[in-house]
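Undergrad: heads up, no residue letters with this:
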């Protein structure tokens, strides 16, 4: 599934958040969105699942405008994992079942396995898990419907280097299975390890887009952008 | 006889005012910051009940005035609850619908069934109790549902991101708001007669009714209140959450 923004403007409370943003996340590739805090990276992800409504421009999924799709169906095809995932009340099973719409045990176990979590987690209270475990449960929850794309907002921000590396591997593996991946991050090492393409956002505008080496070099050149 | 009534009246006023002053002093001593509000609500109560005492004789005698009196009650209740949902668009209209619809519907059913005489003397007190109950439920539901929209927006958005419709994503907020709103009437009903003798019962007994008669009327009112308060809280929570739904199955909380 290819995801595209075309000349998108987004305002929030009268303040511009995105300005004439055009970018593409090709099908089956890992696209990294990088840039300083407040650059609009999360807003791009929110626009892609229509949690934000741009004031100008278009958001396209496989060439079709997201406004022509049923929003609920769109969000099942394009999973979004927030930076600080919110666990719903109850155990992990309840969290996965909420997303799945049923409690087919095999499907829930499959999704957990996909996120490299043991099936024993199903009966654990979701609120009591560690940050890293919650991040994986959130990924499993987004995967349970079999989406075609997955958007991860700062998936490694709260993790130690070993766990961050494990998440990076997971992202690569999911892309290898054909999922379109879009990942926002501050982490240069992570970008080099997993991205096929990089988009550099600064103050709500795209200032660089292309192969990782070139864009990362540009990003690292400007200390204010880090 | 006349002398003893006057003595009772003097003691009633003196003790009641004394206790309010004591409450104000306690608030000041413990720095609760409620002194001013206590004084204002006490003064308001004195003025309002005095006025009502003066006009109620008139109201009881003219159906037109009784209807006007119910409109005034509904207006005052709506204004009070509207203050709790200020961030919502047209708070007064929302509160008036949520309070008025269930309270007046229950009143109509009670009158149609001839549970109370369809006279001003029968209608006014029951209308007051039903509107008052609905107002309390609407105020509590309103405050809670706005807190939910503000403080738990990330949870609502997590549900949306998982493919839930806006209405489904808002359902837990509605449920928690309605649950909170019903706590007082649930507790009141659960403990009726054990912890406190409610107003209607006391009034009827003081007015000379038999305890059985008083209990029957009180039960009618109390059980009606359960339905009225549930409907009022639910209606309010639905109206407020529906107003927060934006095109594209999004949730945009009211700003305020």
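TA: On my side now, so go ahead. The model shown is predicted, which means the values in this text are computed figures rather than measured ones.

Undergrad: how about the residues of chain A that lie near chain B?
TA: Within chain A, the residues that sit near chain B (Cβ under 8 Å from any Cβ of the partner chain) are A:49-53, A:67, A:71-73, A:75-76, A:79-80, A:82, A:84-86, A:88-89, A:98-99, A:101, A:141-142, A:145. No exception for glycine: its C-beta is placed from N, CA and C like everyone else's.

Undergrad: So among those, which ones count as buried?
TA: The neighbour-count criterion (16 or more other Cβ atoms under 10 Å in any protein chain shown) marks A:49-53, A:71-72, A:75-76, A:79-80, A:82, A:85-86, A:88, A:98-99, A:141-142, A:145 among those as buried.

Undergrad: Now do the contacts for residue B:220.
TA: B:110, B:115, B:116 (Cβ atoms under 8 Å, 6 or more residues apart in numbering or on different chains).

Undergrad: Now do the same for the nearest residue to the second one once chain neighbours are set aside: helix, strand or coil?
TA: Leaving aside its sequence neighbours, residue B:115 sits nearest to residue B:220 (Cβ to Cβ, 6 or more residues apart in numbering or on different chains; 5.7 Å). When classified by DSSP: H, G, I helix; E, B strand; the rest coil, residue B:220 comes out as helix.

Undergrad: Distance of residue B:220 relative to residue B:122?
TA: 12 Å (Cβ to Cβ, to the nearest Å).

Undergrad: what do those two both touch?
TA: residue B:116.

Undergrad: For residue A:175, give me its contacts.
TA: Applying Cβ under 8 Å, 6+ apart to residue A:175 gives the contacts A:28, A:29, A:30, A:181, A:196.

Undergrad: before we move on, which element is the first one in?
TA: Meaning residue A:28. Here residue A:28 sits in a region with no helix or strand, counting by DSSP states H and E.

Undergrad: residue ranges of the helices in the chain, please?
TA: Using chain A here. Ranges of helices in chain A, per DSSP state H, are A:41-48, A:71-77, A:92-100, A:105-114, A:131-143, A:161-176, A:188-194, A:212-221.

Undergrad: oops, I was thinking of chain B
TA: Counting by DSSP H, the helices of chain B are B:2-29, B:35-61, B:63-82, B:91-112, B:120-151, B:153-161, B:166-181, B:183-190, B:199-206, B:211-243.

Undergrad: Which of the contacts of residue A:175 sits closest to residue B:159?
TA: Top of the list for closeness to residue B:159, among these and by Cβ to Cβ, is residue A:181 at 22.8 Å.

Undergrad: residues contacting the closest one?
TA: A:25, A:29, A:30, A:31, A:149, A:150, A:151, A:152, A:171, A:174, A:175.

Undergrad: From residue B:59, how far off is it?
TA: 71 Å.

Undergrad: Run a quick neighbour tally on the residue lying closest to residue B:73 once chain neighbours are set aside.
TA: Take residue B:73 and drop its neighbours on the chain: the residue closest to it by Cβ to Cβ, 6+ apart is residue B:131, 5.1 Å away. When neighbours are defined as other Cβ atoms under 10 Å in any protein chain shown, residue B:131 has 26 of them.

Undergrad: and residue B:131, what is it in contact with?
TA: B:70, B:73, B:74, B:77, B:99, B:100, B:103.

Undergrad: Go through these and say which is closest to residue B:34.
TA: residue B:77 (22.6 Å).

Undergrad: returning to that earlier point: of the contacts of residue B:220 - the most surrounded one?
TA: That'd be residue B:110 among the contacts of residue B:220, by other Cβ under 10 Å, with 20 neighbours.

Undergrad: Could you check how far that one is from chain A?
TA: 39 Å (Cβ to the nearest Cβ, to the nearest Å).

Undergrad: go on, residue B:90?
TA: In terms of Cβ to the nearest Cβ, residue B:90 sits 21 Å off from chain A.

Undergrad: Ok, residue B:175 next?
TA: 11 Å.

Undergrad: With pLDDT added, can I get the contacts of residue A:175 in TSV?
TA: TSV is the format used below for the contacts of residue A:175 (pLDDT from 0 to 100):
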residue	pLDDT
A:28	94
A:29	96
A:30	97
A:181	97
A:196	96
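
Undergrad: Same list (the helices of chain A) but as CSV, adding distance to residue B:51.
TA: Putting the helices of chain A into CSV (distance: least, Cβ to Cβ, whole Å) gives the following:
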stretch, distance to residue B:51
helix A:41-48, 55
helix A:71-77, 54
helix A:92-100, 54
helix A:105-114, 64
helix A:131-143, 59
helix A:161-176, 69
helix A:188-194, 71
helix A:212-221, 72
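
Undergrad: can you tell which of those is closest to residue B:190?
TA: helix A:92-100 (30.1 Å).

Undergrad: From the contact counts, what lies against that closest one?
TA: helix A:105-114, helix A:131-143 (3 or more Cβ pairs under 8 Å, 6 or more residues apart in numbering or on different chains; DSSP states H and E).

Undergrad: Let me know how buried residue B:97 is, in neighbour terms.
TA: Using other Cβ under 10 Å: residue B:97 sits among 17 other residues.

Undergrad: same deal with residue B:68?
TA: Count around residue B:68 with other Cβ under 10 Å applied: 12.

Undergrad: now the one 4 residues further on
TA: Residue crowding around residue B:72 was assessed by other Cβ under 10 Å; the count is 12.

Undergrad: Setting aside sequence neighbours, what's the nearest residue to residue 39?
TA: Went with chain A since none was named. residue A:201 (4.2 Å).

Undergrad: that's the wrong chain, I wanted chain B
TA: residue B:24 (6.0 Å).

Undergrad: Isn't the one you found up against residue B:33?
TA: No. Using Cβ atoms under 8 Å, residue B:24 is not in contact with residue B:33; the gap is 11.3 Å.

Undergrad: Between the two, point out the one with more neighbours.
TA: residue B:24 (17 against 9).

Undergrad: State the pLDDT value of residue 97.
TA: Defaulting to chain A. Note on residue A:97: pLDDT of 95.

Undergrad: You answered for a different chain; I wanted chain B.
TA: Per-residue pLDDT puts residue B:97 at 98.

Undergrad: Please apply the same query to the one 4 residues further on.
TA: The pLDDT attached to residue B:101 in the predicted structure is 98.

Undergrad: That one contacts residue B:235, doesn't it?
TA: Yes. The pair residue B:101 / residue B:235 is scored as a contact, 6.4 Å apart, by Cβ under 8 Å.

Undergrad: In terms of neighbours, single out the busier of those two.
TA: residue B:235 (22 against 15).

Undergrad: The more buried one against residue B:103, yeah?
TA: No. Using Cβ under 8 Å, residue B:235 makes no contact with residue B:103, being 10.8 Å away.

Undergrad: Tell me, how many residues neighbour residue B:67?
TA: 15.
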